[in-house]
Every structure is written in structure tokens, then in C-alpha cells.
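> quick one, structure for this:
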Amino acid sequence: MNTLAALWLAQQVPNPGPVVPPGLGELANQLLGWLKWGVLVSGVLGILICAFMLIIGRRNRSATAYEGLVGSAWVLGGLALASVAALLVGAFQL
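Numbers count the residues shown, from 1 in each chain. Have a look, this model is predicted:
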């Protein structure tokens, strides 16, 4: 029984690579392009808003400046995550 189990476990399980369904490759590329553009626009807008909050909160509004500083860290973190998205997904592919 042990040899039968060992032979069963030793068999190679098929592992095909990803295949684009017919007609969906161009749509997927277009959607990913739109999402990348949206992330870039949101990132620039987020950094500008945080910079504005830092400028406005300089005098007697330290809470606003603090929120701008913390917000800029979140924006930069989001941009960093977006920039390595494809690498992360590729690292965890089956």
C-alpha cells in the first residue's frame, strides 16, 4: 500500500500557464490602462491636497498640518503599492 501511495503522490500534476480567453485580452489591457491612469491622477491630486493642508495648517491649525502629513504618507504608500501591483501578483501566481 505504501508503494501505491508513493506512486500516486509522485505523479506530476498538470500546471498550465494562464491563457487569455478569446476576445478579452484587448479589453483587459484597456481596463488596466484606465486603472493605472486613475491611480496616477489620484496620486497627484492627493499629494497636492496634502501639500495644501500642510501650507494652510502652518499657523494655529496644527491639526490640519498633521492630517496633511499623515495623508501624504498614505498617498505615497498607495502609490508604492500600485507601482508594484503586477510584481506582487506575479509572485503569488499558481
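
> contact partners for residue 75?
By CB atoms under 8 Å, 6 or more residues apart in numbering, the contact set of residue 75 is 43, 46, 47, 50. C-beta coordinates here come from the backbone N, C-alpha and C atoms, glycine included.

> if we go to 6 Å?
Taking CB atoms under 6 Å, 6 or more residues apart in numbering, we find residue 75 in contact with 46, 47.

> could I get the pLDDT score of it?
In this model, residue 75 is scored at 96, pLDDT.

> separation between it and residue 57?
16 Å (CB to CB, to the nearest Å).

> and what of residue 51?
11 Å.

> okay, the two: which has more neighbours?
The neighbour comparison of residue 51 against residue 57 (other CB atoms under 10 Å) goes to residue 57, with 17 against 13.

> low-confidence ranges in the chain?
Residue ranges of the chain with pLDDT under 70: 1-2, 4-10, 94.

> show me the contacts for residue 57.
64, 65.

> kindly recompute the last result at 10 Å.
By CB atoms under 10 Å, 6 or more residues apart in numbering, the contact list for residue 57 reads 63, 64, 65, 66, 67, 68, 69.

> show me the longest helix that occurs in this protein.
Longest helix of the chain, by residue count under DSSP state H: helix 25-56.

> understood, closing this out.
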